[in-house]
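Visitor: Give me a 3D structure for the following:
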Amino acid sequence: MTALTLPTLPYALEALQPYMSAETLEYHHGKHHKAYVDKGNELLKGTHLENKSLDEMVKGSFGKPELQPLFNNVAQHWNHMHFWNWMKPGGSGKVPSSIEKKITEDLGGMEKFTADFAAAGMGQFGSGWCWLAQCPKSGKLEIMKTPNGENPLAHGKVALLGCDVWEHSYYIDYRNRRADYLKAFTESLVNWDYVLELYESAAHRDAAAA
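Guide: So this is what the prediction gives:
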């Protein structure tokens, strides 16, 4: 069986302060993410997906009512594996030129992207995520929002950046001020180097498949 494992955070619990507190990270990573890992491993046992890759688990369980609990947990594990890397201390600095150029071409510039990304996060009713994604067929970037644990991968797209807007992501620090949390994420936390890594990895996969 391919067991899900809780990753070590790529920074100290205090590293993202004042934008994300050590208490938030401790609960979010150590309690919530751990719960997805533990429940996901429990639900994987005996299924046809237990020896698959995490990507295959997410895609293989999506849209199947009998596997919905499994999808909820493996998808949230997938989301959080990336989420921790989408943030870094001193983030949201200079955007890599290739990413900035692509965002300008497809989404109207960085200022518009930032506003539209935050609007997607605000517009997601209840729990969910907002995303910068790429369509493999057209190569175009787009902004998405998804409910609960759904992600671009489940919809056949490439996730380049995602922000968790479940309340446990921000309530300790921002209470009900989701807009302030999204502002802090976009202006002070984004790890654009990781976004570039995912973008280039997708381009290499496309080139190899051509």
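
Visitor: so the spatially most central residue of the chain bridges to which residues?
Guide: When the chain is reduced to its mean C-alpha position, the closest residue under C-alpha atoms, centre = their mean turns out to be Gly162, at 3.6 Å. According to DSSP bridges, the partner residues bridging Gly162 are Trp131.

Visitor: Got the confidence number for the residue of the chain positioned farthest from its centre?
Guide: Centroid-distance maximum for the chain: Gly46 at 27.7 Å, with C-alpha atoms, centre = their mean. Among the per-residue scores, Gly46 holds a pLDDT of 94.

Visitor: one step back: contacting residues around the residue nearest to the centre of the chain?
Guide: Under the criterion of C-beta atoms under 8 Å, 6 or more residues apart in numbering, the neighbours of Gly162 are Asn79, His82, Phe83, Trp86, Trp129, Cys130, Trp131, Leu132, Asn151, Pro152. All C-beta atoms are positioned from the backbone trio N, CA, C, and that covers glycine.

Visitor: which of those tops the neighbour count?
Guide: Neighbour counts for the contacts of Gly162, by other C-beta atoms under 10 Å, peak at Leu132, which reaches 29 neighbours.

Visitor: So for that residue, what's the pLDDT?
Guide: 98.

Visitor: quick one, what contacts Thr8?
Guide: For Thr8, counting by C-beta under 8 Å, 6+ apart, there are no contacting residues.

Visitor: any idea which element the residue nearest to Asn85 when sequence neighbours are not counted lies in?
Guide: Nearest-residue entry for Asn85: Tyr194, 4.8 Å, with adjacent residues in sequence omitted and distances by C-beta to C-beta, 6 or more residues apart in numbering. In this assignment (DSSP states H and E), Tyr194 forms part of helix 192-209.

Visitor: in that helix, what's buried?
Guide: Going by neighbour count (16 or more other C-beta atoms under 10 Å), the buried part of helix 192-209 is Trp192, Tyr194, Val195, Leu196, Leu198, Tyr199, Ala202.

Visitor: tell me what it is packed against?
Guide: In this structure, helix 192-209 makes packing contacts with helix 97-107, strand 128-134, strand 158-164, judged by 3 or more C-beta pairs under 8 Å, 6 or more residues apart in numbering; DSSP states H and E.

Visitor: same question for the helix or strand that comes right after the longest one, mean pLDDT?
Guide: Just to be clear, that refers to helix 97-107. Scanning forward in sequence from helix 97-107 by DSSP H and E, the next helix or strand is helix 110-123. Taken as a whole, helix 110-123 carries a mean pLDDT of 98.

Visitor: for helix 110-123, which positions count as buried?
Guide: Quick answer for helix 110-123 (16+ other C-beta under 10 Å): Phe113, Thr114, Asp116, Phe117, Ala118, Ala120, Gly121.

Visitor: As a markdown table, the residues you listed with distance to Leu107 would be great.
Guide: Written out in a markdown table, the entries for the buried residues of helix 110-123 read as follows (distance: C-beta to C-beta, whole Å):
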| residue | distance to Leu107 |
| --- | --- |
| Phe113 | 5 |
| Thr114 | 10 |
| Asp116 | 7 |
| Phe117 | 9 |
| Ala118 | 13 |
| Ala120 | 12 |
| Gly121 | 15 |
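
Visitor: Mind splitting this structure into its structural domains?
Guide: 22-86, 97-209 (automatic domain parsing).

Visitor: Present the ones you listed as TSV; the columns should include distance to Thr2.
Guide: TSV is the format used below for the domains of the chain (distance: least, C-beta to C-beta, whole Å):
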stretch	distance to Thr2
domain 22-86	5
domain 97-209	17
